[in-house]
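*Asks:* let's see this in three dimensions:
(one chain, ligands or ions: 1)
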Amino acid sequence: MTNRSTGHTARALVAPGKGILAADESTPTMAKRLATVGVESTEEVRRGYREILLTTPGLAEFVSGVILFDETIRQRTGDGRPFPAVLHEAGIIPGIKVDAGTKALAGFPDEVVTAGLDGLRERFTEYVELGARFAKWRAVLRIGPGRPSPACIEANAHALARYAALAQEAGLMPVVEPEVLMDGTHDLDRCAEVTQRVLHAVYDHLDRHRVVLEATLLKPNMVLSGTDCPEPADDTAVAAATLDVLRRAVPAAVPGVVFLSGGMTEEQATARLDALNRQQPQPWQLSFSFGRALQGPVLRAWAGDDGRREEAQAALLHRAGLNGAARYGSYVSAMETSASTV
Ligand code: 13P
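*Replies:* Residues are numbered from 1 along each chain as shown. This next block holds a predicted model:
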C-alpha cells in the first residue's frame, strides 16, 4: 500500500516536461548563496526568498516537486499559509532533505560520510505530518589519488540504503543522491569509472535493505571531466558517457534519474540534460533536480530587493521552462534569450 503510493509519487515527479527544484540549502549554504548577491542571511530573508520561489505563478507547468530544508518546511508565506500547503495547492509535491550533512570519515583523510540516521524514523513521522511526500539524502564522493576508497563508498552506500528503507517505511518516496564531485583534474573516463563503482555499491545496498526500487528516484552527478581537466569533454561525450554508466548500473525498475547540477553553469546543465534526452528510448525518465542551475538567475534578478519579485519569478519560470524543453530533447540555445520557452 505504502510503496504503491510512493511509486506513484516517483512517477509524478518525473512526469514528461517536468523536474524538481532543489531549494533545500542548509542555513550555512544558503548564507553562501545569498552572499554572492550581497545579501545578509537572516531567517526572515531566507523565508522571503523561498516565498518568491514557491509562489511563482505557473511554476507547476515545469516543476513537479520542490525539496525543502527543515527550516523551510516549517515556514509560511507573508499572509500566513504554510509553504507545504502552498505547494500542494499549486499541484507541486513537497519534499524534504533529511540528511545532516557530511562528517569526516575517521581514518580516511579528505573523505566524508553523510550523517543523520539517528532519530530519522521519528523525524520522518514529523515531516509526513508537515506535508512532505518525498525525501532526499546526499552522499558526497571525491575523486583523487586513491579516492574514493572502497570503505568510503561502502559507508555512504550503506547510509543511503538505511535512509531509503526508513523513508519507505514512513510512506515517503526516497530520492537517493550519491554525488561524485566534479572538482579535480581527472578526465571523463575516470569520472565514469568512479560513478559506475559508486552506483553498483548503492544498488547492491538498496537491494540488501529491501528498498522497493519502483518507489525511488536516483539523483546522480552527470559523468563529467573534472573542473581542472586540461581537455574537458563536450556535451555529446558527457551524455554518451553518462548513459553508458547508467545503463550498466541502474536497474530499469527505477522510474527516473533526476540529475543534480553540481556546479555546472545554468546553460551547461540544460544543454547536457537535453543531449541526454536526445538519446531515446531509455529505461528511465531523464530529468532534473537542480539547485544552483535553477536558482542562479533568480538570485541575480532579486538580489535582496523585494520590489524585483516579479523579475525574479519570471527568471525562475524561464529557466525551468528551458529545462522542461530539455526533458523532450527540444532545447536550443537560442531559447536562452527569447521571452518564451514554448
Ligand atoms: P545543485 O543542483 O546546486 O548541485 O543542487 C542539487 C542538490 O540538491 C544537491 O544536493
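*Asks:* convert the C-alpha atoms of stretch 148-168 to PDB, please.
*Replies:* Provided in PDB are the C-alpha atoms of stretch 148-168 (Å, rounded to 0.1, in the frame of the first residue of the first chain):
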ATOM      1  CA  PRO A 148      37.100   7.400  -3.300                       C
ATOM      2  CA  SER A 149      38.300   4.500  -1.100                       C
ATOM      3  CA  PRO A 150      36.200   1.300  -1.100                       C
ATOM      4  CA  ALA A 151      35.500   2.000   2.600                       C
ATOM      5  CA  CYS A 152      34.100   5.400   1.800                       C
ATOM      6  CA  ILE A 153      31.900   4.100  -1.000                       C
ATOM      7  CA  GLU A 154      30.600   1.300   1.300                       C
ATOM      8  CA  ALA A 155      29.900   3.600   4.200                       C
ATOM      9  CA  ASN A 156      28.000   6.000   2.100                       C
ATOM     10  CA  ALA A 157      26.000   3.400   0.100                       C
ATOM     11  CA  HIS A 158      25.100   1.700   3.400                       C
ATOM     12  CA  ALA A 159      23.800   5.000   4.900                       C
ATOM     13  CA  LEU A 160      21.800   5.700   1.700                       C
ATOM     14  CA  ALA A 161      20.100   2.300   1.900                       C
ATOM     15  CA  ARG A 162      19.300   2.700   5.600                       C
ATOM     16  CA  TYR A 163      17.800   6.100   4.900                       C
ATOM     17  CA  ALA A 164      15.800   4.900   1.800                       C
ATOM     18  CA  ALA A 165      14.400   1.900   3.800                       C
ATOM     19  CA  LEU A 166      13.300   4.200   6.600                       C
ATOM     20  CA  ALA A 167      11.700   6.700   4.100                       C
ATOM     21  CA  GLN A 168       9.700   3.900   2.500                       C
END
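*Asks:* identify each buried residue in it, please.
*Replies:* Residues 148-149, 152-153, 155-168 are the ones in stretch 148-168 that count as buried (16 or more other Cβ atoms under 10 Å). Every C-beta, even on glycine, is put in place using the N, C-alpha and C of the backbone.
*Asks:* equivalent analysis for stretch 176-186, please.
*Replies:* Those buried within stretch 176-186 under the rule 16+ other Cβ under 10 Å are V176, E177, P178, E179, V180, L181, M182, G184, H186.
*Asks:* which ones are touching the residue in the stretch 151-300 of the chain positioned nearest to the ligand?
*Replies:* At 2.7 Å from the ligand, G291 is the closest residue in the stretch 151-300 of the chain, using Cβ to the nearest ligand atom. When contacts are counted by Cβ atoms under 8 Å, 6 or more residues apart in numbering, G291 touches L21, A22, A23, D24, E25, L260, S261.
*Asks:* for beta bridges, what are the partners of the residue nearest to A167 when sequence neighbours are not counted?
*Replies:* Take A167 and drop its neighbours on the chain: the residue closest to it by Cβ to Cβ, 6 or more residues apart in numbering is P174, 3.8 Å away. Taking DSSP bridges, one obtains A135 as the residues bridged to P174.
*Asks:* and stretch 287-307, C-alpha only, in PDB?
*Replies:* Output of stretch 287-307 as PDB, limited to C-alpha atoms (Å, rounded to 0.1, in the frame of the first residue of the first chain):
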ATOM      1  CA  SER A 287      15.100  14.700 -15.600                       C
ATOM      2  CA  PHE A 288      16.500  17.400 -13.300                       C
ATOM      3  CA  SER A 289      16.700  18.100  -9.600                       C
ATOM      4  CA  PHE A 290      18.700  21.300  -9.900                       C
ATOM      5  CA  GLY A 291      19.600  23.700  -7.100                       C
ATOM      6  CA  ARG A 292      22.100  26.300  -8.400                       C
ATOM      7  CA  ALA A 293      21.200  25.800 -12.100                       C
ATOM      8  CA  LEU A 294      17.600  26.800 -11.400                       C
ATOM      9  CA  GLN A 295      18.100  29.400  -8.700                       C
ATOM     10  CA  GLY A 296      21.200  31.300 -10.100                       C
ATOM     11  CA  PRO A 297      19.100  33.600 -12.300                       C
ATOM     12  CA  VAL A 298      16.500  34.100  -9.600                       C
ATOM     13  CA  LEU A 299      19.100  35.300  -7.000                       C
ATOM     14  CA  ARG A 300      20.700  37.600  -9.600                       C
ATOM     15  CA  ALA A 301      17.300  39.100 -10.600                       C
ATOM     16  CA  TRP A 302      16.100  39.600  -7.000                       C
ATOM     17  CA  ALA A 303      19.400  40.500  -5.200                       C
ATOM     18  CA  GLY A 304      17.600  41.200  -2.000                       C
ATOM     19  CA  ASP A 305      15.200  43.700  -3.400                       C
ATOM     20  CA  ASP A 306      11.600  42.600  -2.900                       C
ATOM     21  CA  GLY A 307      10.500  45.200  -5.500                       C
END
